[in-house]
Every structure is written in C-alpha cells, then in structure tokens.
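A.B. asks: the sequence isn't on hand, but the structure is:
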C-alpha cells in the first residue's frame, strides 16, 4: 500500500509544473532546486530585447531619419559652397563679383525697358482716345458743313417780305454768297438746308432751292458771328438795299441762339474716292 502511494505521488510531481513542485510540502519533504534570481541589468536587457516596435513608432522613426538626412545634405552643400568661395583665388572672386554686377545691370535694363513699354502703351491708349475724340469732332464739323447734322449757335434771322413777287433767284443767291463771305457756318432758307452744292432757280412766281419750291416770305436762319453778318448785309449797295429797291421789306435780327435743323441726306460720290491710304 505504501509503494502504491509513493508511485502516485511521483507521477503527480512529473505532471505538475516546476514552480508547484518547488513549493515545500507541509510534511518537510525535500524541495526541488530554485532558479537563480535575476539582477536589475538582466531584467532591463530582457525588457528591451527583442524590441517590440509598433507601426506608428516605425513611421515616426522613418520620418525622423528622412529629416535628419535632408538637414545633413543641406549643411554639407552649404559647407561645400562656403569652402569653395573661401578656397577661391582673388581673380575668381573678382570674376564672380563682375558677373553678379553684369547680371544686376541686365535686370535693371530689363526693368527700365518694361517700364518704358508700359508708358508707351499708356500714352498710346491716351493718344488713341484723343484721336477718337478728334475724329468724332471732325465728323460733326463736316456734318454741319455738309448739312447732314443739325446745328445751333449765335447768328441772325433775315426775313424778306415780297408782296409784289419781285424777288428772283439771283437776288437770294447774292444774299447767300454775301452771308458766306461774312463767315456764315450754317444757312437754312424756308426749311431747306443750304450747302456748298446748293443751286437756286426761278419757278414761276416763286423760287426753287435745290429743286424745292419756296414762297415768300423768305426767312433766312444763319449761324455765325452776328457782328459780322448783319453789317455785311447792310453795307451801302449791299443785299438789303438791293432788295428794298425791288419794293420788298427786309428785317435782320440778331440772336444768341439760332437753330438750323433742316437736314440733307448724305450723298455717296459716284467717282471720287479718298486718296489717303
């Protein structure tokens, strides 16, 4: 019976871990030898190796490595440049300074050239605008002379009362020519605009102006300097005296604003063309 109990105990000892088998029994049986105690350094080494690295720690380590490598390359490059300049000869340094001065001068020249182009463009724009204004003004002036646009300004109004039907076309033509010689800029007779090519002719008891029949009283609306126009009509032997001899009544009135609004259609010449290129 005792041998059987001893055999069972030995079998249990083999199945139990060493830590359990090492615990002393209450009956004072013999204990298994314990493992030697580890020192602090050994425990530190066992904790650090093998290393346990996480993914985040690995990424941070790679980034730090890249940053350090870049800084090292930059420092080495600057060091090489500084060493090159420190080791250069005086002639090389002078040549480098001359090249820098030349480059600075070229950049300054380019800057001045660009500023000059900008000024030219601004002036060109201003000149183009001024030319446009002058063209519009010239067109307006030519339109007044050609009778294609209305006009207003100081001038006179001359009215010829012809109750006896004695006024003929040549008398009215003399009045127009006298007014032009005195500086008339726009003339209108009974709603017909007088221009450079205007012609007058007799038409029975009336007068025709550019094919338009007009009857008395003949009313002239004239734009120009009143101080020149009125005396030109009243000179001895002039228009007014000639018409009064034909038993007509002529009145001339000055005005600060005369409106000439009769228009002529612009005529396209058949053969004449502008000679400007």
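C.D. replies: Sure thing, it's come through. Model, not experiment: these values are computed from the prediction.
A.B. asks: isn't residue 207 up against residue 167?
C.D. replies: Yes. Between residue 207 and residue 167 a contact is recorded at 7.0 Å, counting by C-beta atoms under 8 Å. For every residue, glycine as well, the C-beta is placed using N, CA and C.
A.B. asks: overlap in contacts, those two.
C.D. replies: Common contacts of residue 207 and residue 167 (C-beta atoms under 8 Å, 6 or more residues apart in numbering): residue 218.
A.B. asks: any regions of the stretch 51-200 of the chain where pLDDT drops low?
C.D. replies: Scanning the stretch 51-200 of the chain for pLDDT under 70 picks out the ranges 51-53, 55, 57, 75-88.
A.B. asks: which residues of it fall in strands?
C.D. replies: Read by DSSP state E, counting those that start in this stretch, the stretch 51-200 of the chain holds these strands, from start to end of the chain: 151-161, 186-189, 192-194, 200-203.
A.B. asks: so how far is the second one from its chain's centroid?
C.D. replies: The chain centre lies 46 Å from the centre of strand 186-189; the measure is C-alpha atoms, centre = their mean, to the nearest Å.
A.B. asks: number the residues from 35 up from this point.
C.D. replies: Sure, I'll start counting at 35 from here, so that last one is strand 220-223.
A.B. asks: outside of it itself, list whatever touches it.
C.D. replies: Contacts to strand 220-223, defined as C-beta under 8 Å, 6+ apart, come from residues 178, 181, 185, 187, 189, 206, 210, 213-214, 227-228, 243, 248, 252-258, 294-296.
A.B. asks: separate out the buried members of those residues.
C.D. replies: The neighbour-count test (16 or more other C-beta atoms under 10 Å) applied to the contacts of strand 220-223 identifies 178, 181, 185, 187, 189, 206, 210, 213-214, 227-228, 243, 248, 252, 254-258, 294, 296 as buried.
A.B. asks: by how many degrees do the longest helix belonging to the chain and strand 185-195 diverge?
C.D. replies: Counting residues, the longest helix found in the chain (DSSP state H) is helix 124-180. Relative orientation of helix 124-180 with respect to strand 185-195: 20 degrees, computed using axes from the mean of the first three to the mean of the last three C-alpha atoms, to 10 degrees.
A.B. asks: and for residue 202, the neighbour number?
C.D. replies: 14 (other C-beta atoms under 10 Å).
A.B. asks: contact partners for it?
C.D. replies: The contact partners of residue 202, taken as C-beta under 8 Å, 6+ apart, are 236, 241.
A.B. asks: repeat that for residue 256.
C.D. replies: The contact partners of residue 256, by C-beta under 8 Å, 6+ apart, come to 189-192, 213, 218, 220-222, 263, 292.
A.B. asks: end-to-end on stretch 175-195?
C.D. replies: The first residue of stretch 175-195 is 32 Å away from its last residue (C-alpha to C-alpha, to the nearest Å).
A.B. asks: how far off centre is that stretch?
C.D. replies: The chain centre lies 41 Å from the centre of stretch 175-195; the measure is C-alpha atoms, centre = their mean.
A.B. asks: now that stretch: buried residues?
C.D. replies: The neighbour-count criterion (16+ other C-beta under 10 Å) identifies 177-178, 180-183, 185, 187-190, 192, 194 as the buried residues of stretch 175-195.
A.B. asks: how about stretch 167-177?
C.D. replies: Using 16+ other C-beta under 10 Å as the burial criterion, the residues of stretch 167-177 that qualify are residue 177.
A.B. asks: do the same with stretch 281-297
C.D. replies: Neighbour-count burial for stretch 281-297 flags 282, 284, 286, 292, 294, 296 (criterion: 16+ other C-beta under 10 Å).
A.B. asks: pipe those residues into TSV and attach pLDDT per row.
C.D. replies: Listed next are those as TSV, based on pLDDT from 0 to 100:
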residue	pLDDT
282	92
284	94
286	94
292	95
294	95
296	93
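A.B. asks: which of those fall in strands?
C.D. replies: 284, 286, 292, 294 (DSSP state E).
A.B. asks: and those residues as a markdown table, adding distance to residue 308?
C.D. replies: What follows is those, written out as a markdown table (distance: C-beta to C-beta, whole Å):
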| residue | distance to residue 308 |
| --- | --- |
| 284 | 42 |
| 286 | 40 |
| 292 | 32 |
| 294 | 27 |
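A.B. asks: what is the nearest of these to residue 130?
C.D. replies: Nearest to residue 130 among those, counting by C-beta to C-beta, is residue 294 at 79.7 Å.
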